[in-house]
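J.: structure for this input, please:
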Amino acid sequence: MTDRTTAPRHGKISALNARMLLMILLAALAAAAVFVVIRASGHAYVDKIYMSDSKTASRRDRICSEFTQFAVKNNISTTDTDKIAAWSADYRYVTVYLFKGEQLRCSFAAGQVIMPSEAERFELSSYASTHGGLSPVRFRDGTGFITVFDSSETIYYNVANLTAVIISLLLFALIILLYTSSLTRRIVMLSREAEVISSGNFDAPITSSGSDELSRMAAEYDNMRRSVLARMESEHKAWQANSELITALSHDLRTPMTSIIGYLGLLKDNTYSAEDRSAFADAAYRRALDLKTMTDELFRYFLVFGENDVHLELETVDAAMLAEQLFAETAFELADDGFEVTSTVDCPGCQIQVDVMYLKRIFDNLISNLRKYADRAEPLLFTSVIKDGMVCLEVANRIEKNGERKDSNRIGIRTCSRIAELLGGRFETQAEDDHFVARVYLPAVPSQPAD
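T.: This is a model prediction of the structure:
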């Protein structure tokens, strides 16, 4: 046995995932743009303020002055490289170049002594002509020259870079947080609305907006709510209609039953003549027939309305032939009751899908009503025509003016309407003055051309 359960397709990206990926991309682009702007602005500020010529020269002169004071105070010789290196340890971003005579002796950076290679033993005059900024220092072993290279701007460049990174990450996180917060709000709102409905308040709507999975789920929940509400309303209307029907039937059934009991009581009394007793029996018999008619109508009603899933045996038949057959059978049954029937069939080349037995039940109800309420002095008009793509079977009659009975429960009309709905059509009645018309509409199926 093949399992036809539809498996979820993993190859297609959902709308929520696509939007999340898009939001991550936009957040990353925004964060990158902010990083570039803040970093460039920070570097430009450092270059303009901290690295200006005046600031750079001031820092260099200050460091040279402090080194000169150190050398004089501690009677430093150019060969006291360890002491000079120890002094340079306090100046993390400063490199001091020491010249003795005309040659570069060594350099000091972050507590380290750096001896120059042969290629770096350039002459003092060559360095001075290229870089300038040489400061004389009186050492114990004679006058030397120093120059300093200050790279402390690295600190501020790093601060600008770190600030740009932090702000960019915060912006990225903020954008993602705002997006996920909007999703969370929608989920929380959907959960709250579902709780309201689960408490029994089906009138509260479920809001949905957008076209992603959450919106579609909310729309499906709302459709389910509407379906449940519609079913509850339908069940309430059905219960109310059945309650009214039972009330009407109780009255309608009580009337002939009371009459029958009364006539039977008279029959038991032997004081009446045989002629009177025969009249009482005839009246009781007529009332019994009325009671049978009502119970037959009630049986047909519950036969249609009592089943949740009515099984129909649909077959495609020629509409004209079926109409002629139904009209002929109905006219034959009514002929014994003194009715004259005139029929017209005008639906050539048309077919209908119908359960013939259920359609005959509609005409059984119509026959019952005609016998009770139609005027036998006027002919009954049976017509079959095509209207708006539907086959219309129409029964028209004149209402008997002197009729004693009135249709108080309309069981037959309700039964006909229900059967017509099951057949995919509709049932209509029209009462105007002393004329009554019943129409059965069934969907027409065009005839297939012969091969």
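
J.: switch to C-alpha atoms for all contacts and neighbour counts from now on
T.: Will do.

J.: contact partners for S259?
T.: Contacts were defined as C-alpha atoms under 8 Å, 6 or more residues apart in numbering; by that measure S259 touches A284, R287.

J.: next up, phi/psi of it, please.
T.: According to degrees, to the nearest 10, the main-chain angles of S259 amount to phi -60, psi -40.

J.: ok, V345 touching L326?
T.: No: counting by C-alpha atoms under 8 Å, no contact exists between V345 and L326, whose distance comes to 11.0 Å.

J.: okay, and the beta partners of L98?
T.: Beta-bridge partners of L98, counted by DSSP bridges, are C106, I146.

J.: wouldn't it be in contact with V113 here?
T.: No: between L98 and V113 there is no contact, the gap being 10.7 Å when judged by C-alpha under 8 Å.

J.: joint contacts of those two?
T.: Counting by C-alpha under 8 Å, 6+ apart, the shared contacts of L98 and V113 are C106, S107.

J.: higher neighbour count, these two?
T.: More crowded of L98 and V113, by other C-alpha atoms under 10 Å: L98, with 24 against 17.

J.: so what's the residue count around the nearest residue to A377 once chain neighbours are set aside?
T.: Closest residue to A377 apart from its sequence neighbours, by C-alpha to C-alpha, 6 or more residues apart in numbering: F339 at 7.7 Å. Here the count is done by other C-alpha under 10 Å, and F339 has 19 residues near it.

J.: now do D141
T.: If you count neighbours by other C-alpha under 10 Å, D141 ends up with 12.

J.: what residues does R105 make contact with?
T.: When contacts are counted by C-alpha under 8 Å, 6+ apart, R105 touches Y97, L98, F99, M115, P116, R121.

J.: same check on Y221?
T.: Counting by C-alpha under 8 Å, 6+ apart, the residues that Y221 touches are I206.

J.: and the one 5 residues further on, by the same measure?
T.: For R226, the residues meeting the contact criterion (C-alpha under 8 Å, 6+ apart) are F202.

J.: mean confidence for the helix or strand where Q351 lies?
T.: Q351 belongs to strand 350-354 when assigned by DSSP states H and E. Strand 350-354 shows an average pLDDT of 90 in the prediction.

J.: quick one: the helices in the stretch 51-200 of the chain?
T.: Using DSSP state H, counting those that start in this stretch, the helices of the stretch 51-200 of the chain run over 53-73, 81-88, 124-130, 153-198.

J.: which of those has the lowest average pLDDT?
T.: Least confident of the helices of the stretch 51-200 of the chain, judged by mean pLDDT, is helix 124-130 with a mean of 56.

J.: where do the domain boundaries of this protein fall?
T.: Annotated domains of the chain cover 14-201, 213-303, 314-446 [automatic domain parsing].

J.: what ranges of the stretch 251-400 of the chain fall below the confidence cut-off?
T.: In the prediction, the stretch 251-400 of the chain carries residues with pLDDT under 70 at positions 251-255, 297-310.
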